[in-house]
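Engineer: predicted model and sequence below, questions to follow.
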Protein chains: 2
Amino acid sequence: MRATSQRLADLGITRATLLVDRARCEAKIARFVQRARMSGVALRPHFKTHQCAAIGEWFRTAGVTRATVSSLGQAAYFADHGWDDLTLAVPANPAEADALADLARRIRLGVIVDHPATVAALPGPLQVWLEVDVGDARTGVPWDDHAPLADLAARVEAAPTLELVGLLAHAGHAYRTAHRAATFHATRERLQAARSHLQRPGLQLSAGDTPGFAAVPDWSGLDEARPGNFVFFDLMQLDAGACTVADLACAVACPVIGVYPGRGEAVVHAGAVHLSKERLDDGYGRLLGLTDGGFGDLLPGWTVAGLSQEHGVLAATGEAARAQLADLRPGDRVLIAPVHACLTGEQFGSYRTLDGAELPRYRRS
Amino acid sequence: MRATSQRLADLGITRATLLVDRARCEAKIARFVQRARMSGVALRPHFKTHQCAAIGEWFRTAGVTRATVSSLGQAAYFADHGWDDLTLAVPANPAEADALADLARRIRLGVIVDHPATVAALPGPLQVWLEVDVGDARTGVPWDDHAPLADLAARVEAAPTLELVGLLAHAGHAYRTAHRAATFHATRERLQAARSHLQRPGLQLSAGDTPGFAAVPDWSGLDEARPGNFVFFDLMQLDAGACTVADLACAVACPVIGVYPGRGEAVVHAGAVHLSKERLDDGYGRLLGLTDGGFGDLLPGWTVAGLSQEHGVLAATGEAARAQLADLRPGDRVLIAPVHACLTGEQFGSYRTLDGAELPRYRRS
């Protein structure tokens, strides 16, 4: 803990700062690129996780040429950084039709639809995916609801500026099950079944979710894979068994501002506005070590037990953690592994790598 | 619901946008300023709620000349906008001592301390408040822990560049009790008792929390009041009984992107990155009407039942809400009252008023 604090001070950490372990990110990008190649599937990683042009370049260097985003603003940002093949994987928003049209004139832009009113409002030229609900019950037409899918397909095909390219699903329920591989297989089968019923064998199948794609090595039978969180991973993925501690690649470094040995707690200046209020049963984050080689192990006995707007309450349980707490002082630094890296990243304007580089992120205006 | 959607479209809403009802904010500022005057207490409102120079001007117009902030970055932002008397009400961070010193040369800057190591690290010239824990058990020295308080007071007095100005408490536990007035009274008594034990009758007493100060009209016996959330209020405060629906002054306008009558749900493009994951028992937010006169009533039967990164799932319960759902289409707009306005505000770069003005906010870099 003391060595981690010193390394963070040496890195120049004075306030809550988002750190990324670049070597870990690149190793995971290579692993997922390799898995996609072996499976004969195109990797279209979801960039909502990092929203960072420099991290996008790490993907490009590994051979990735297309990406997924979750807002028109993200799409425009990555288009400005040379990405010319993007899918906006949130149901297209009729209220943004004009801005969609502007962007679609600059790059190859894919959108997803699940409602006739959305198809009617879409400008062109757009690649259109029908969103299929394979069990998540968030957005999309249920995979076995054949009539509405056929109706949507016909409406897209009838629109002169729209191109129907495939069926797309996000198996968000893979985050809520211990049976991640089974969820992956069911997702693939349901997409295939929906395509068969549509009698359009040329349609592509696109699926995405890190837990499922991390669980299954062979993705064949799909055309496109859209996992995103894997570039960072986080405690939620660790809890789901989708990664190991050695995969965690994004964390919040922050200063200790209060120490309360009597109640077994310390307080850091990193709160809900830095970590987000995403939580697991054991809290809002855990402490991570920092070694000369990069991020280290989780520190046993330490959790982020509470969050207010700017304060994080660290709880120390057990003899080792209590001894570390007794040694802690305001001005020390700690490193917090977040529960959900995508939401934590969204709270910052940039990342800092372990060699001190500052990588700006996209930010909504 | 249809009229609200039309008004939001007329306002130019195409994506998630933070709206403020300026007339409501100004009425509440006037109410709290008046209450402070009647009580003979200085109002030092917490600006972490809005973090917006333009909204700061609404306070200044009402006669407020000092404010509270929760980070050094916020302090520098408001100093740049002409605020020259600020208190940073999070325990001072020894790792930011240099930046504190820079700012302290420009304005009258107050900080709070609860640890000898922090006092030792502080530069000058600073106004120093001893933070007293009056029951919240987050930061501060327990109010009846007399020896550490006396020790801290002596250390501050011994530092040539520090001025000991008073005792400061945040009764955060007022958010977790039905007995808000009792919590206010206990806070005041405990601060007074701590001062008596210190035998320094000249020390000022500062307390802050919207639920307590909203519950009690007479604040006398304190020197300074630091509520903040009242300028917006939110569902958490409504739930606590600290405000009425007519006090809600900040909400997220956003587009509908999916409609699922079969499961009684609709989906908006406003997720955890817009609303924050703060929740109450009934979810992450509720729908609000918009009238020609400003924000209207809550729409019965509608809640934000789920949030993912960019999606919000609206659930419609009961006949009226189900009928509204049947009439809803992608491209419609809705207005969501947030659970915790401070965290929701933090997700945006600006506010929009109902007459279309864009008010930029401070953003952490």
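Structural biologist: Perfect, thanks for sending it. Numbers count the residues shown, from 1 in each chain, chains lettered A, B, ... in the order given.

Engineer: for the stretch 1-150 of chain A, which residue gets nearest to chain B?
Structural biologist: Of all residues in the stretch 1-150 of chain A, the one sitting closest to chain B is A:P94 (3.3 Å; Cβ to the nearest Cβ). To be clear about C-beta, it is placed using only N, CA and C from the backbone, and glycine gets the same treatment.

Engineer: isn't that residue right next to A:A121, touching?
Structural biologist: Yes: with the criterion set as Cβ atoms under 8 Å, A:P94 and A:A121 qualify as a contacting pair; they are 3.5 Å apart.

Engineer: who touches both of the two?
Structural biologist: Common contacts of A:P94 and A:A121 (Cβ atoms under 8 Å, 6 or more residues apart in numbering or on different chains): B:P330, B:G331.

Engineer: if we can go back for a sec, what are the phi and psi values for the residue of the stretch 1-150 of chain A closest to chain B?
Structural biologist: Comment: the main-chain dihedrals of A:P94 come out as phi -60, psi -30, following degrees, to the nearest 10.

Engineer: quick one, what contacts it?
Structural biologist: By Cβ under 8 Å, 6+ apart, the residues touching A:P94 are A:A117, A:T118, A:A121, A:L122, B:P255, B:P330, B:G331.

Engineer: filter these to the buried ones?
Structural biologist: A:T118, A:A121, A:L122, B:P255, B:P330, B:G331 (16 or more other Cβ atoms under 10 Å in any protein chain shown).

Engineer: shouldn't the second one be in contact with A:A97?
Structural biologist: Think A:A121. Yes: between A:A121 and A:A97 a contact is recorded at 5.3 Å, counting by Cβ under 8 Å.

Engineer: one step back: the contacts of A:P94: which two are farthest apart?
Structural biologist: Using Cβ to Cβ, the pair of these lying farthest apart is A:L122 and B:P255, separated by 14.1 Å.

Engineer: in the stretch 251-365 of chain A, what residue comes closest to chain B?
Structural biologist: For the stretch 251-365 of chain A, Cβ to the nearest Cβ, closest residue to chain B: A:G331, 3.3 Å.

Engineer: now do the phi/psi pair for that residue.
Structural biologist: A:G331 adopts backbone torsions of phi 100, psi -20, taken as degrees, to the nearest 10.

Engineer: let me know the pLDDT of it.
Structural biologist: Looking at A:G331, its pLDDT reads 97.

Engineer: related to what we said a few turns ago, quick check, nearest of the buried ones among the contacts of A:P94 to B:T4?
Structural biologist: Using Cβ to Cβ as the measure, the one of these that approaches B:T4 most closely is B:P255, at 12.7 Å.

Engineer: how much space separates the closest one from B:H81?
Structural biologist: B:P255 is 32 Å from B:H81, where distance means Cβ to Cβ, to the nearest Å.

Engineer: could you do A:Q127 as well?
Structural biologist: Taking Cβ to Cβ as the measure, A:Q127 and B:H81 are separated by 46 Å.

Engineer: so those two - more neighbours on which side?
Structural biologist: Neighbours per residue (other Cβ atoms under 10 Å in any protein chain shown) separate A:Q127 from B:H81, with A:Q127 holding more: 20 against 14.

Engineer: who does that one bridge with?
Structural biologist: With beta bridges defined as DSSP bridges, A:Q127 has these partners: A:G110, A:E163.

Engineer: so it sits against A:T161, correct?
Structural biologist: No: the pair A:Q127 and A:T161 fails to qualify as a contact (Cβ under 8 Å) at a distance of 10.9 Å.

Engineer: any idea of the pLDDT on A:T87?
Structural biologist: The predicted structure scores A:T87 at 98 on the pLDDT scale.

Engineer: now do the same contact list for it.
Structural biologist: Contacts of A:T87 were listed using Cβ under 8 Å, 6+ apart, and they are A:44, A:66-69, A:109-112, A:127, A:129, A:168, A:206, A:226.

Engineer: in helices, which of those appear?
Structural biologist: Among those, DSSP state H puts none in helices.

Engineer: ok, back up a step: from B:A9, how far off is the residue of the stretch 1-150 of chain A closest to chain B?
Structural biologist: Here the distance between A:P94 and B:A9 works out to 11 Å (Cβ to Cβ).

Engineer: repeat for A:R322
Structural biologist: Separation of A:R322 from B:A9 (Cβ to Cβ) stands at 58 Å.
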